[in-house]
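A.B. asks: when you get a sec, could you give me coordinates for this:
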Amino acid sequence: MKIKFIPQNVEVDLDPDKNILEIARENGLDIQSSCNGMCSCGDCRVFLKEGESHVLSPSEKELNLIGQGHYMDQRRLSCQLYCFGSVVIDLSGQEDKVQAGRISRQFLEKTQKKSAEEACSMQDILIEDDEDIKKLKG
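C.D. replies: The predicted structure is shown next:
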């Protein structure tokens, strides 16, 4: 039994004791998850393209996060998706989320300051240099 991840075209062995989020991460595939798989954020949604008969229906907890739209588009929370047969999982919707997460982390790393006095925010723009502040207050 296999799990195929598209569009990456990666096929891995199924471990029925692990969810899709765990399996993907173990195989170097990024899936965004703010809650780290605790079923509280909804970020880890993936599309179940094939193999609906090889997964359990969403739990009440999962449906509370994803709503009834699941029945229209087959999106599931990867942290809640356990498989007992071959499936195809589409991670296309995850690519933008993962990239946005990387950009956010890079931004935070660049803008971290030792103290609040070292940075000044004016109209949601981070000002790092005192000369810039003087020009704006001008």
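A.B. asks: next one: residue 5 from residue 40, what distance?
C.D. replies: Counting by CB to CB, to the nearest Å, the separation of residue 5 from residue 40 is 24 Å. Just so you know, the C-beta spots here come from the backbone N, C-alpha and C atoms, and that holds for glycine as well.
A.B. asks: more crowded one of the two?
C.D. replies: More neighbours surround residue 5 than the other of residue 5 and residue 40, with 23 against 15 (other CB atoms under 10 Å).
A.B. asks: pull the contacting residues for that one.
C.D. replies: Residues counted as contacts of residue 5 (CB atoms under 8 Å, 6 or more residues apart in numbering) are 11-12, 24, 27, 29, 88-91.
A.B. asks: secondary structure element for it, which one?
C.D. replies: Using DSSP states H and E, residue 5 sits in strand 2-6.
A.B. asks: would you mind confirming that residue 22 is in contact with residue 31?
C.D. replies: No - Residue 22 lies out of contact with residue 31 (CB atoms under 8 Å); the separation is 9.6 Å.
A.B. asks: who has more neighbours out of these two?
C.D. replies: Neighbours were counted for residue 22 and for residue 31 using other CB under 10 Å; residue 31 has more, 25 against 16.
A.B. asks: check what pLDDT the more buried one gets.
C.D. replies: Note for residue 31: predicted pLDDT of 92.
A.B. asks: could you do the one 3 residues further on as well?
C.D. replies: As predicted, residue 34 sits at a pLDDT of 86.
A.B. asks: quick one, phi psi at it?
C.D. replies: In terms of degrees, to the nearest 10, the main-chain angles of residue 34 are phi -60, psi -30.
A.B. asks: contact partners for the nearest residue to it once chain neighbours are set aside?
C.D. replies: Spatial nearest neighbour of residue 34, chain neighbours left out: residue 41 (4.0 Å); criterion: CB to CB, 6 or more residues apart in numbering. The contact partners of residue 41, taken as CB under 8 Å, 6+ apart, are 33-35, 65.
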